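Novice: I would like the atomic coordinates for the input below:
(one chain, ligands or ions: 1)
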Amino acid sequence: MPPSIQALTHTYFRHNKRFPHVWCPGCGNGIVMGALLRAITRLELEKDEIVLASGIGCSGRMPTYLDFNTLHTTHGRALTFATGIKLANPALNVVAIMGDGDATAIGGNHLIHAARRNLNLTAIIINNSIYGMTGGQYSPTTPFGSTTTTSVYGHIEHAFSIAELAVTAGASFVARSTVYHAALADQLIEQAMMKPGFAVVEIISNCHVQYGRRNKIGNAVEMLTAFKEQAVTVKKAATMEQKELQGKVTIGVLADRDLPVSTDEYKKIRERARAAQEES
Ligand code: SF4
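Specialist: Numbers count the residues shown, from 1 in each chain. Got it, this is the predicted structure:
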């Protein structure tokens, strides 16, 4: 039986700090936080074995509420801080928590190269298609034609797929869920945290305040209902024509492959360098 929300709250929240939280009622960020905590509970990791690093944005607040080793860093740089921590202490289980603007605009280069290097990290990317905290500007995942505060007559750029970008860039493990599929989200986060190498979990989320309302998609419940209707599993998607997949969101594991892991390779290089020095 999954742990109750009371048990998770009691065990992992920083009760005497940072509350009440800043998220709007119904925001998907809380669902992702619950999924992360359920995954960590199942993995039976000690709090001190975990590091959460975030950038800037609504999702960036998550580590500040949780009682792990945490860093709330600068915009787009969660992965750079996470990289430094992992190289300094490879035994730590390091998770970067980012939003779509944070991870794929200012932090886009870091995401691509973290995947290419196959750093042994987990990246949870909450994709709500907008910059929520800063007032509803379009991000690299805002759909074409959408209305935002920086595209009041319709967005003229095309969104890219975070998960497919991560697959192409070389991540060991890539998966996608939505906040409607909360139980799937925590299973995927659990798999990602156990996977050696760079693991990306994209979670499609609702910013009903800055995106849903402006685009007449509706409130939080209506957005979650839409995610339910749009989602198709990886298995089902494999049987569908490209045109049938228009407007759908593929959920599940998109890539799971064993590749050389950066921290392991770095250790080998150090050993080779040390041996060469001793010989000389
Ligand atoms: S602005 Fe959007 S992303 Fe930010 S807390 Fe509110 S609903 Fe969530």
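
Novice: alpha carbons only for contacts and neighbour counts from here, please
Specialist: OK.

Novice: what residues does the chain have near the ligand?
Specialist: Trp23, Cys24, Cys27, Cys58, Gly132, Met133, Cys207, His208, Val209, Gln210 (CA under 6 Å from any ligand atom).

Novice: got the residues you listed as JSON lines, with distance to Pro3 columns?
Specialist: Converted to JSON lines, these look like this (distance: CA to CA, whole Å):
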{"residue": "Trp23", "distance to Pro3": "23"}
{"residue": "Cys24", "distance to Pro3": "24"}
{"residue": "Cys27", "distance to Pro3": "21"}
{"residue": "Cys58", "distance to Pro3": "26"}
{"residue": "Gly132", "distance to Pro3": "30"}
{"residue": "Met133", "distance to Pro3": "30"}
{"residue": "Cys207", "distance to Pro3": "27"}
{"residue": "His208", "distance to Pro3": "28"}
{"residue": "Val209", "distance to Pro3": "30"}
{"residue": "Gln210", "distance to Pro3": "32"}
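
Novice: and the strands in the stretch 51-200 of the chain?
Specialist: In the stretch 51-200 of the chain, the strands defined using DSSP state E, counting those that start in this stretch lie at 69-72, 93-99, 122-127, 173-178, 199-204.

Novice: dump those strands into JSON lines; add mean pLDDT as well.
Specialist: What follows is these, written out as JSON lines (pLDDT from 0 to 100):
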{"stretch": "strand 69-72", "mean pLDDT": "96"}
{"stretch": "strand 93-99", "mean pLDDT": "98"}
{"stretch": "strand 122-127", "mean pLDDT": "98"}
{"stretch": "strand 173-178", "mean pLDDT": "98"}
{"stretch": "strand 199-204", "mean pLDDT": "98"}
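
Novice: re the thing from before, make JSON lines out of the residues of the chain next to the ligand and add pLDDT, neighbour count and distance to Val249.
Specialist: What follows is the residues of the chain next to the ligand, written out as JSON lines (pLDDT from 0 to 100; neighbours: other CA atoms under 10 Å; distance: CA to CA, whole Å):
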{"residue": "Trp23", "pLDDT": "96", "neighbour count": "15", "distance to Val249": "25"}
{"residue": "Cys24", "pLDDT": "96", "neighbour count": "14", "distance to Val249": "24"}
{"residue": "Cys27", "pLDDT": "97", "neighbour count": "21", "distance to Val249": "19"}
{"residue": "Cys58", "pLDDT": "95", "neighbour count": "20", "distance to Val249": "23"}
{"residue": "Gly132", "pLDDT": "94", "neighbour count": "23", "distance to Val249": "21"}
{"residue": "Met133", "pLDDT": "93", "neighbour count": "16", "distance to Val249": "24"}
{"residue": "Cys207", "pLDDT": "97", "neighbour count": "26", "distance to Val249": "17"}
{"residue": "His208", "pLDDT": "97", "neighbour count": "26", "distance to Val249": "18"}
{"residue": "Val209", "pLDDT": "96", "neighbour count": "18", "distance to Val249": "21"}
{"residue": "Gln210", "pLDDT": "96", "neighbour count": "22", "distance to Val249": "21"}
